[in-house]
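# Sequence and computational prediction follow.
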Amino acid sequence: MNRSPLKADNARLALALVAVASVAPQLYRMVGQSRPTAAEGCVSRGEQRTMKLHAVAVVIFGLLLSIGSAAAQQTAKVYRIGYLQIAPRAAQLHLIEAFERGLTERGYVVGRDILIEYRFADGKPERLDKLADEMVRLKVDLIVTGVNPNTQAAQRATKTIPIVMAISYFPVESGLVKSLGRPGGNVTGLVADTGEEGAKHLQLLREAAPKLTRVAVLSEAGLGHTEHVLRRLGQAAGSLGVVVVPFEMRGAEDVGRIFGEIERAKVDGLMVLGGSIVLANRDSIISMSAKAKLPAIWVDRQIVQDGALMSYGADRADLFRRAAGYVDRILKGAKPAELPVEQPTQYVLAINLKTANALGITIPKALLLQANHVVQ
């Protein structure tokens, strides 16, 4: 049976106390009963006794040090942090693993030094406020979020508990922080899109399908940053000679309708911006894309493992691993308002050759050489 860290410390403390209680009388008896050594024969009985008492004191002092160490472990603060996500837990497993690995790299033991309160809205945005309020009632020391709706719900729930964004989109324009350099308030973290990601998506999709001229852009309704993405996409599309056609999704029931509209719009490519509702319905979207013979590009390589043709974007797992660094600094006393929002340092291009073959697409060798991850 597994014992909790606190119970283990109590056991060590009890053993140390028993050791002192049992050893001390024996040591003192030894002082009176032991015979003097040759060196001790040159000194008086009183001096001999003083020397032996000193030896006893050293032994007891060592035992007391072990007691103090065990007691210190008991009194060390155990932090409680919240992890708030709109996506289902199953879609977050690789990100959870990366986040916990980041904590381990910084010397924390999850379950001993840090307790994590995981909360998932299972793709239902209306649940976020209730989950955020629950974290405030739990008196968590910090809340970790991903994507803007999670952060906004946490902001509505508290203006004092630090919030770390593992992923954010246009955080200044979306009102999450005052500036990237000095966020202000109680929110800081990482950006997933520097504003160039959408243009890169169009470029890569065009390389994979050179005849592409019209691209459907699927986004989640209600995300404030989408308008900024679409504006930049429009600028990039013009230079590539591509027309972008936006579509918004509110729930699973929209998938069939949207693909009917996509068919009527006569598009020949699909770009998926993401969002928790979109991700929660990725299997349906991947299936409908394949049926419509549409080459599609997403933002997360995990989707390529699930059957999407391509993905390009900041390494989401790396962002969650780096979020642990913010947690560490804040728990050690840093203020979120003074911790700059950081940008991605690792990008991943993933390609699924099996899907390409099913679509009748031959991925150029030059594009394959750029890929970090290829599914055969």
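Nice, thanks for sending it over. Residues are numbered from 1 along each chain as shown.
# mind listing the strands for the stretch 251-376 of the chain?
269-272, 296-298, 310-314, 347-352, 373-375 (DSSP state E, counting those that start in this stretch).
# Now do the residue nearest the centre of the chain against Ala192, distance only.
Geometric centre of the chain, nearest residue: Phe320, 2.8 Å, by C-alpha atoms, centre = their mean. Separation of Phe320 from Ala192 (C-beta to C-beta, to the nearest Å) stands at 11 Å. The C-beta positions use only the backbone N, C-alpha and C, and glycine is treated the same way.
# Check the contact lists of the two and give me the overlap.
Ile167 (C-beta atoms under 8 Å, 6 or more residues apart in numbering).
# related to what we said a few turns ago, let me know whether the residue nearest to the centre of the chain touches Ala98 as I believe.
Yes - at 4.4 Å, Phe320 counts as touching Ala98 under the criterion of C-beta atoms under 8 Å.
# circling back: winner for burial among the strands of the stretch 251-376 of the chain?
strand 296-298 (a mean of 27; mean count of other C-beta atoms under 10 Å).
# Each with direction, which strands does that strand pair with?
strand 269-272 (parallel), strand 310-314 (parallel) (DSSP bridges).
# could you check the distance from Leu131 over to Gly82?
Taking C-beta to C-beta, one finds Leu131 at 9 Å from Gly82.
# Quick one: find the helix or strand in the chain with the lowest mean pLDDT.
helix 5-33 (a mean of 52; mean pLDDT, DSSP states H and E).
# Show the low-confidence segments of the stretch 1-150 of the chain, by residue range.
1-75 (pLDDT under 70).
# Spell out the residue ranges of the helices in it.
5-33, 45-75, 93-105, 128-137, 147-157 (DSSP state H, counting those that start in this stretch).
# residues near the nearest residue to Arg101 once chain neighbours are set aside, how many?
Distances taken as C-beta to C-beta, 6 or more residues apart in numbering place Arg321 nearest to Arg101, at 6.0 Å, with adjacent residues excluded. Neighbourhood size, Arg321 [other C-beta atoms under 10 Å]: 22.
# How about the contacts made by Arg321?
Arg321 neighbours (C-beta under 8 Å, 6+ apart): Ala98, Phe99, Arg101, Gly102, Glu105.
# Ala296 now?
If you count contacts by C-beta under 8 Å, 6+ apart, then Ala296 has Gly269, Leu270, Met271, Val272, Ile285, Ile286, Ser289, Ala308, Leu309, Met310 around it.
# 7 Å - rerun?
Leu270, Val272, Ser289, Ala308, Leu309 (C-beta atoms under 7 Å, 6 or more residues apart in numbering).
# now do Ala166
Phe99, Val144, Thr145, Gly146, Gly189, Leu190, Leu319, Phe320, Ala323.
# measure the nearest residue to it once chain neighbours are set aside to Val229 for me?
Spatially, and ignoring its direct neighbours in sequence, Ala166 is nearest to Ala323 (3.9 Å; C-beta to C-beta, 6+ apart). Separation of Ala323 from Val229 (C-beta to C-beta): 22 Å.
# more crowded one of those two?
More crowded of Ala323 and Val229, by other C-beta under 10 Å: Ala323, with 26 against 23.
# my read: the more buried one touches Val144, true?
Yes - contact between Ala323 and Val144 holds when scored by C-beta atoms under 7 Å: they sit 5.9 Å apart.
# so what sits against both of these two?
Phe99, Val164, Ala166.
# would you turn these into TSV with distance to Met249?
As requested, those are exported to TSV (distance: C-beta to C-beta, whole Å):
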residue	distance to Met249
Phe99	27
Val164	28
Ala166	23
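# got the contact list for His94?
Gln302, Ala317.
# got it, and Leu279?
Leu279 sits in contact with Ala87, Ala91, where contact means C-beta under 7 Å, 6+ apart.
# domains of the chain?
5-75, 79-193+317-338, 197-314+347-375 (automatic domain parsing).
# hmm, back to that, model confidence at the residue nearest to Arg101, what's the number?
Arg321 is assigned a predicted lDDT (pLDDT) of 98.
# Ok, the one 3 residues further on next?
At Ala324 the predicted local distance difference test score is 98.
# neighbours of the closest residue to it other than its chain neighbours, just the number please.
Nearest residue to Ala324 in three dimensions, chain neighbours excluded: Gly102, at 2.8 Å (C-beta to C-beta, 6+ apart). Each residue near Gly102 was counted by other C-beta under 10 Å, and the total is 23.
# now Gly102: how far from Ile114?
11 Å.
# Could you do Ser287 as well?
Counting by C-beta to C-beta, the gap from Ser287 to Ile114 is 39 Å.
# Over to Leu230?
On the measure of C-beta to C-beta, Leu230 and Ile114 end up 39 Å apart.
# Compare neighbour counts for those two and give me the winner.
Ile114 (20 against 16).
# That one against Tyr79, yeah?
Yes - at 4.9 Å, Ile114 counts as touching Tyr79 under the criterion of C-beta under 7 Å.
# circling back to that earlier point, and the contacts of Ala296, which two are furthest apart?
Val272 and Leu309 (10.6 Å; C-beta to C-beta).
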